[in-house]
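Q: With the input below, show me the fold.
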Amino acid sequence: MSTDSKQTRRSFLHPRSFVFMYLCFIVLWSLGNVFLVAKEFVNGQQFFFVKNGMIYISDFVLLYEAGQLATSANHLSVYDPQVQLDWLNRFTHPAVFSQVFYIFQVPFMFPLLSTIGMLPIKLSYLLFTGSGLVAGIGTLVCLLRKFRKCSWRYTTAFVLAALATLPSYETIQMGQLSWLLVALLSGFFFFTWINPRSIWAGLMLALFSMKPHYALFFFAPLVATRKWMVLVWAAIWELVLLVIAALMIGWPNVLGYPSIIMKAASANEWSERMVCCRAIFSLFLDQTMSSRTGFATMAIALLFSAILSWRWLASLFGKGDGPDSEVLLQRVSWIMAINIILCLIASPHTYLHDWLLMTLSAALTIRICSLSELLAISPISNRIWTASLVLYPCISALFFVLWEFVPALNRCSLLFIILHAWLLFWAIKCGMDNARGKADR
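A: The predicted model follows:
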């Protein structure tokens, strides 16, 4: 082998070359995601289309439907399946649905969504998606810059990597709420432990309860760190939101929501496409039993979360580590990272786009700028966790390609369930090492 070829090979294998290739990948893949969404939008296939006699609709249509029903003559019957089906058939006419797509939104979402229901759907989608991206990216930048003290170069690369993930693509393509959820949970963490403002932290948690099965997992850290005023303000804001909802859609819909959602969840025929334990249960059980088993799994996960929070956080207050100590912030960061994965994988209702919340787990626990830094991280559990998150955009891109070219794997959730179970294991291991004082960072 000639000297020139050896030098070329060494240059290609240099750690900076890998970083450059990674950056090129996340930039190009993010642009590709934008192109695919823009193509569907321009071709009029963004919201619904008919293929082989089947009608396909985006999730944004259901959000838009909720906004319009909230201000319609049927505002007191927003959860009525027939009312929902009639609206959907008017929207997709002449295509006709025979089965209702249930609206799972909590009562206070109807007043909030009424604003997008007043505008044309295309304009509503652009404003809704754009505001979600601005809020989500803005709060991540705030956390990375103010809490993690990251450089602008690292922060920019982090945001691009988040945009390159498959959950981000699904969020934008389907018009979902996940970027907004990232903003709310980031704001909750920031106003609870970084720059304590109980009133704003309570508001963030109350709004985040638009996904109540996720919000439940973040009460234990509050109790363990004695953030009583955040709990009080969260309760006040929640009551305010429910009163506003009752004034618009009626108290029967507000008070009857738990029974309504349980019935709708049991009738959900898309559970095999979920990215959580329930998808596995649905392979062996009917819809009702898989739903009940999913709720039981969530209860066990909540208990596990409470035990971790108590052992890792509450014990610090008896050792002289105050509520603003660096040790407490590190442990809270790991508890948040673990709870995010735990609430998603154990929830009875998690889809691929919801896993965008993993970006917050990464923002709170990793910070590397080069391959040499990655290889120097200790202990090995932290190195594996960091490497897995760094490669997450690449792995999700591989899954996307597999789904496109291997029909048998189309929309298969098992691949992502395995990936996130792997991440949960290493997050818990890293958190344990951090609690024992073994981790470098």
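Q: Now do Phe295, the pLDDT please.
A: Phe295 carries a pLDDT value of 89.
Q: For it, which non-adjacent residue is closest in space?
A: Pro348 (5.2 Å; C-beta to C-beta, 6 or more residues apart in numbering). Just so you know, the C-beta spots here come from the backbone N, C-alpha and C atoms, and that holds for glycine as well.
Q: ok, now which ones touch that neighbour?
A: His213, Ala265, Cys276, Arg278, Ser291, Gly294, Phe295, Thr297, Met298 (C-beta atoms under 8 Å, 6 or more residues apart in numbering).
Q: What strand or helix carries it?
A: Taking DSSP states H and E as the definition, one finds Pro348 inside no helix or strand.
Q: pLDDT score assigned to it?
A: pLDDT, read off for Pro348, is 86.
Q: Got the phi and psi for it?
A: With angles defined as degrees, to the nearest 10, Pro348 sits at phi -80, psi 0.
Q: Look up the closest residue to Leu113, ignoring the ones flanking it.
A: Leu113 sits nearest to Gly67 (C-beta to C-beta, 6+ apart), 3.7 Å away.
Q: List the contacts of that neighbour.
A: Applying C-beta under 8 Å, 6+ apart to Gly67 gives the contacts Phe110, Leu113, Ser114, Thr115, Ile116, Gly117, Met118, Ser124.
Q: ok, the residues you listed vs Val100, which is closest?
A: Proximity of the contacts of Gly67 to Val100 (C-beta to C-beta) peaks at Phe110, which lies at 17.1 Å.
Q: if I look at the closest residue to the closest one other than its chain neighbours, how far off is Lys429?
A: Using C-beta to C-beta, 6+ apart and skipping residues adjacent in sequence, the residue nearest Phe110 is Ala70, 3.9 Å away. Going from Ala70 to Lys429 by C-beta to C-beta, to the nearest Å gives 46 Å.
Q: just Val27 next, same as before
A: Taking C-beta to C-beta, one finds Val27 at 32 Å from Lys429.
Q: How about Phe191?
A: To Lys429, Phe191 is 29 Å away according to C-beta to C-beta.
Q: Between these two, point out the one with more neighbours.
A: When Phe191 and Lys429 are compared for neighbours, Phe191 comes out ahead with 21 against 16, by other C-beta atoms under 10 Å.
Q: On the pLDDT front, check the residue nearest to that one when sequence neighbours are not counted for me.
A: What sits nearest to Phe191 in space, not counting adjacent residues and going by C-beta to C-beta, 6+ apart, is Ala201, at 3.8 Å. Per-residue confidence (pLDDT) for Ala201: 97.
Q: Report how many residues lie close to Leu375.
A: Here the number of neighbours of Leu375 (other C-beta under 10 Å) works out to 12.
Q: Spit out the contact partners of it.
A: Arg383.
Q: quick one on the thing from earlier: what's the residue nearest to Phe110 in contact with, if anything?
A: Val78, Phe110, Pro111, Leu113, Ser114, Gly117, Met248, Ile249.
Q: So how do I select the buried members of these in PyMOL?
A: Buried residues among the contacts of Ala70 (16 or more other C-beta atoms under 10 Å), as a PyMOL selection:
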select buried, resi 78+110+111+113+114+117+248+249
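Q: Which one of the contacts of Ala70 is nearest to Leu222?
A: For those, the minimum distance to Leu222 (C-beta to C-beta) is 26.1 Å, reached by Pro111.
Q: What helix or strand is that closest one located in?
A: Assigning secondary structure by DSSP H and E places Pro111 in helix 109-117.
Q: rewinding a little: now the contacts of Gly67 as JSON lines including distance to Val182 and pLDDT?
A: Output for the contacts of Gly67, formatted as JSON lines (distance: C-beta to C-beta, whole Å; pLDDT from 0 to 100):
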{"residue": "Phe110", "distance to Val182": "23", "pLDDT": "94"}
{"residue": "Leu113", "distance to Val182": "19", "pLDDT": "93"}
{"residue": "Ser114", "distance to Val182": "23", "pLDDT": "91"}
{"residue": "Thr115", "distance to Val182": "21", "pLDDT": "90"}
{"residue": "Ile116", "distance to Val182": "19", "pLDDT": "90"}
{"residue": "Gly117", "distance to Val182": "24", "pLDDT": "87"}
{"residue": "Met118", "distance to Val182": "26", "pLDDT": "89"}
{"residue": "Ser124", "distance to Val182": "21", "pLDDT": "93"}
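Q: Closest one to Arg90 out of those, please.
A: Among the contacts of Gly67, and counting by C-beta to C-beta, the member closest to Arg90 is Gly117, at 13.6 Å.
Q: I'd guessed the closest one sits against Ala66; true?
A: Yes: with contacts counted by C-beta atoms under 8 Å, Gly117 reaches Ala66, the gap being 7.4 Å.
Q: secondary structure class for Tyr56?
A: For Tyr56, the assignment made with DSSP: H, G, I helix; E, B strand; the rest coil gives strand.
Q: ok, it touching Phe49?
A: Yes: Tyr56 is in contact with Phe49 according to C-beta under 8 Å; the separation is 5.7 Å.
Q: Now the helix ranked longest in the chain: buried residues?
A: Criterion DSSP state H: the longest helix present in the chain is helix 15-42. By neighbour count with 16+ other C-beta under 10 Å, helix 15-42 contains the buried residues Val19, Tyr22, Phe25, Ile26, Val27, Trp29, Ser30, Asn33, Val37, Phe41.
Q: okay if I get those residues as TSV plus pLDDT?
A: Output for the buried residues of helix 15-42, formatted as TSV (pLDDT from 0 to 100):
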residue	pLDDT
Val19	76
Tyr22	85
Phe25	89
Ile26	90
Val27	90
Trp29	91
Ser30	90
Asn33	89
Val37	89
Phe41	85
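Q: Okay, and the residue nearest to Phe191 sits in which element?
A: Take DSSP H and E as the rule and Ala201 turns out to sit in helix 198-208.
Q: buried sites along that helix?
A: Within helix 198-208, the residues scored as buried using 16+ other C-beta under 10 Å are Ser198, Trp200, Ala201, Gly202, Leu203, Met204, Leu205, Ala206, Leu207, Phe208.
Q: Okay, the first one and Tyr125: tell me how far apart.
A: Same thing as Ser198. 35 Å.
Q: Ok, the last one next?
A: As for Phe208, its distance to Tyr125 is 22 Å (criterion: C-beta to C-beta).
Q: of all the contacts of Ala70, which two lie farthest apart?
A: Longest span within the contacts of Ala70, C-beta to C-beta: Gly117 and Ile249, 12.9 Å.
Q: coming back round to it: any idea how far the longest helix of the chain is from the middle of the chain?
A: Chain-centre distance of helix 15-42: 21 Å, with C-alpha atoms, centre = their mean, to the nearest Å.
Q: by contact count, what packs against it?
A: Contact here means 3 or more C-beta pairs under 8 Å, 6 or more residues apart in numbering; DSSP states H and E; on that basis helix 15-42 packs against helix 152-163, helix 166-174, helix 371-376, helix 392-405.
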